[in-house]
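K.L.:
I'll drop the sequence and a predicted model, then ask my questions.
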Amino acid sequence: MRHDHLITSKQLSRGDIETVLDYAAELDADPSTVADRHAGTLLGLLFFEPSTRTKMSFETAMKRLGGDVVDMGSIESSSVKKGETLADTVRVIEGYTDALVLRHPKQGAATMASEFVDVPLVNAGDGAGHHPTQTMLDLYTIRENAGLDDLTIGIMGDLKYGRTVHSLAYALTNFDTRQHFISPESLQLPREVVYDLHQRQDGTGIREHDSLEEVLPSLDVLYVTRIQRERFPDENEYQKVAGEYQIDADTLEAASDELTVMHPLPRVDEIAPEIDETDYAAYFQQAHNGVPVRMALLDLLLSDDKRIGGDDDE
Ligand code: CP
């Protein structure tokens with residue numbers, strides 16, 4: 001498959017992932033090789049939800065490739081406020097730009113929008129759905145710190161609404177991994193995701209827990225997530241789980257010295273600041289990796305001769 005749009009990590013084969021990660025490593029080592037590669041190219045940024053990392057690292061990546069961005073700006077200052085549909089908005093902005101990056105609160109919005117445009121469209125997060133470019137930088141960070149095969153990872157927190165979790169879990173089924181999902185019962189992975197993961201990977205590689213304690217000593221990576229307050233239909237339900245599953249120095253006493261702690265950020269109170277300066281912490285490195293990874297992805301999506309593809313695709 002050659003990908004015109006990047007909507008979910010389910011699209012990506014192991015070959016696709018390795019192509020992106022290897023290329024990102026090249027660009028990380030020497031970004032000057034592509035400094036003018038996309039001169040004149042314009043990337044359209046359509047963020048219908050707040051973002052710091054994704055939006056700014058896409059902008060940095062496009063500029064480091066020699067191109068530029070056109071930003072729709074806030075909903076308040078755009079014609080979305082007048083009731084313009086997403087389909088109309090993307091059809092208009094496609095006429096101004098060479099590729100689109102879309103973040104939207106509704107799950108499935110990126111799939112729908114991609115049906116209305118011919119330029120590459122990248123899903124930068126669709127509600128509780130997927131966030132495939134976050135996954136690519138997560139995989140890059142895991143590969144740097146622990147390797148992607150023979151990996152034991154704990155993914156903890158809001159597994160119901162956390163789109164980074166859904167995308168990462170699917171992508172990891174391309175590798176030899178044991179995935180432990182740790183959450184309160186009310187925030188477990190959606191059942192259809194668990195079913196899919198079992199289909200994609202030997203079921204022994206997928207386990208669910210309500211406590212970190214029982215699995216922490218076996219983990220190579222602990223991926224912590226924020227409780228997605230904005231997705232709860234009822235604030236009272238959020239308050240019941242807020243503050244659960246926090247990590248501090250005491251928590252990590254039972255961990256391996258080699259443990260890597262990750263978080264897609266932003267964090268609220270899931271990881272105590274005392275962890276930041278320890279060898280466990282990889283979450284700021286993870287955020288920095290967004291630039292070379294998104295440079296690689298953009299170049300592969302925008303270049304006719306170097307698009308992501310392989311023989312082992314779905
Ligand atoms: N990790 C992530 O998607 O961060 P932003 O919401 O700041 O883009």
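P.N.:
Ah, there it is.

K.L.:
all helices for the stretch 1-150 of the chain, in order.
P.N.:
Secondary structure of the stretch 1-150 of the chain (DSSP state H, counting those that start in this stretch): helices located at 14-29, 53-64, 86-94, 109-114, 132-145.

K.L.:
now the first one and helix 53-64, what's the angle there?
P.N.:
Orientation check (axes from the mean of the first three to the mean of the last three CA atoms, to 10 degrees): helix 14-29 against helix 53-64 gives 70 degrees.

K.L.:
same deal with the last one?
P.N.:
Interaxial angle of helix 132-145 relative to helix 53-64 (the same axes, to 10 degrees): 80 degrees.

K.L.:
Please save the CA atoms from helix 132-145 in PDB.
P.N.:
Below are the C-alpha coordinates for helix 132-145, written out as PDB (Å, rounded to 0.1, in the frame of the first residue of the first chain):
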ATOM      1  CA  PRO A 132      -0.700   8.000  14.400                       C
ATOM      2  CA  THR A 133       2.100  10.600  14.200                       C
ATOM      3  CA  GLN A 134       2.300  10.600  18.000                       C
ATOM      4  CA  THR A 135       2.700   6.800  17.700                       C
ATOM      5  CA  MET A 136       5.600   7.200  15.300                       C
ATOM      6  CA  LEU A 137       7.500   9.400  17.700                       C
ATOM      7  CA  ASP A 138       6.600   7.100  20.600                       C
ATOM      8  CA  LEU A 139       8.000   4.200  18.600                       C
ATOM      9  CA  TYR A 140      11.100   6.200  17.800                       C
ATOM     10  CA  THR A 141      11.600   6.900  21.500                       C
ATOM     11  CA  ILE A 142      11.000   3.300  22.500                       C
ATOM     12  CA  ARG A 143      13.400   2.100  19.900                       C
ATOM     13  CA  GLU A 144      16.100   4.500  21.200                       C
ATOM     14  CA  ASN A 145      15.700   3.500  24.800                       C
END
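
K.L.:
what's that helix packed up against?
P.N.:
The contact analysis (3 or more CB pairs under 8 Å, 6 or more residues apart in numbering; DSSP states H and E) places helix 132-145 against helix 14-29, helix 53-64, strand 121-126, helix 163-172, strand 221-224, strand 260-262, helix 283-288, helix 290-302. The way it works is simple: take the backbone N, C-alpha and C, and place the C-beta from them, glycine included.
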